[in-house]
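Colleague: need a 3D model of the following:
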Amino acid sequence: MFFSGRSRASEYRVQLTMARHVSFGLWYDFRNPDPWRVPFEQRYRETLDQIVWAEELGFNSVWLTEHHFCEDGYTPSPLVLAGAIGARTKRIQIGTNLLILPLYDPIRLAEDCATVSLVSGGRFDLGVGGGYAEKEFEVFGRALKHRPSLLEEAIEILRTAWSGDTINFSGKRYSYKDVRVFPVPETPPKIYLGAISEPAAERAARIADGFLSSGYVAQDLYLNGIRKAGRKDNEAKIYAGCWGIVTEDPEGEAERIGKHLRHQMNQYILTGAFGGPEQTPLFETPQAAIENGFYEFWTPDDAISNLITVLSDWPQIEDIHFWAQFPGEPIVSGSRRMEILAKHVLPKVREAVNR
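Modeller: Here you go, the predicted structure:
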């Protein structure tokens, strides 16, 4: 279903009342599925080149996500990619949205993240979540039911490690005695936490530096959690993954990339994001995925209007990032949308935000 925003730039009713800085970025999963597969070395090389170009276009951030054992190559190693991006770029902020924290040893993770921070000159932040795919937990010897304690204990350990202090910790899941991590990052990564349920959103409000959302879901739960924790609304920080697809030709773009969108939605169903195919049937056609998935097709004017509205309604948003590439989509196709965003949408949104 095509999303139609307010029609013309001259009709925008800007509600933002004070200048603020909002970052705009790109979101990557590095999928490379059949039947559109290219050599993985080519996919990685072209995508890294695209990210370097994105920095030149003026994008502020790049976000990496994670899954394991996916035949389409959904990246299992976002920290390796973060280090590569940090070495090739100069300004762009690098983050994960998100890394599956319960699957990691927190000390080893602290070391890897410290290294990425140092390589990138302090441009790395760690966004994490609890995960949901049973196979991932089984293979890594973890239990889904332990996610809350695995998350909370790991975040505490990470912060202690990056402070340079000695870690003496004894919890339900982890126990360390007289451990120090070297080298300590000169700019400790911020820790963001993603959530959908109310308890998880309240956990993010209580222990994280910010909230990771997807499609703006559960932002209200997070803000309620901030208030419940006795904090002020302006202490909340949201980093939002946006499913808007910006194009000058929505119908033509839907025809071109619909098969890639169908693959993405169906793979999320198969990995259990929505309870599995028993609860959520697979989409049989690209049109069904477009009409019933998360996607919204925007013209540049629609995008300007909708982004301004979201930022007006949610002054807690610090960053909005868009899918740069859909699974199997040619690099040139995603790059075309990136250029439209960078040249015809974001300058007007930034102007409105800073007005």
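Colleague: show me where the protein has helices.
Modeller: Assigned by DSSP state H, the chain shows helices spanning 40-57, 78-88, 106-119, 134-139, 147-163, 198-207, 219-228, 250-270, 286-292, 300-313, 331-340, 346-353.
Colleague: got CSV for the ones you listed, with mean pLDDT and distance to residue 24 too?
Modeller: Every residue, glycine included, has its C-beta placed from N, CA and C. Supplementary listing: the helices of the chain in CSV, determined by pLDDT from 0 to 100; distance: least, CB to CB, whole Å:
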stretch, mean pLDDT, distance to residue 24
helix 40-57, 98, 10
helix 78-88, 98, 17
helix 106-119, 98, 22
helix 134-139, 97, 30
helix 147-163, 98, 27
helix 198-207, 98, 22
helix 219-228, 98, 17
helix 250-270, 97, 20
helix 286-292, 96, 24
helix 300-313, 97, 8
helix 331-340, 98, 11
helix 346-353, 95, 5
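Colleague: now distance to residue 71 too, for these, in TSV please.
Modeller: Below are those laid out as TSV (distance: least, CB to CB, whole Å):
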stretch	distance to residue 71
helix 40-57	12
helix 78-88	18
helix 106-119	26
helix 134-139	12
helix 147-163	25
helix 198-207	29
helix 219-228	33
helix 250-270	9
helix 286-292	19
helix 300-313	33
helix 331-340	21
helix 346-353	35
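Colleague: dump the residue contacts of residue 344.
Modeller: residue 300 (CB atoms under 8 Å, 6 or more residues apart in numbering).
Colleague: do you know how far it is from residue 322?
Modeller: 14 Å (CB to CB, to the nearest Å).
Colleague: ok, residue 52 - how many residues close by?
Modeller: Neighbour count for residue 52, taken as other CB atoms under 10 Å: 14.
Colleague: just give the nearest non-adjacent residue to it, would you?
Modeller: Leaving aside its sequence neighbours, residue 52 sits nearest to residue 88 (CB to CB, 6 or more residues apart in numbering; 5.5 Å).
Colleague: got a list of what the one you found touches?
Modeller: 48, 51, 52.
Colleague: between these, which is nearest residue 302?
Modeller: residue 51 (25.9 Å; CB to CB).
Colleague: burial measure for that closest one, as a count.
Modeller: Quick note: residue 51 (other CB under 10 Å) scores 21 neighbours.
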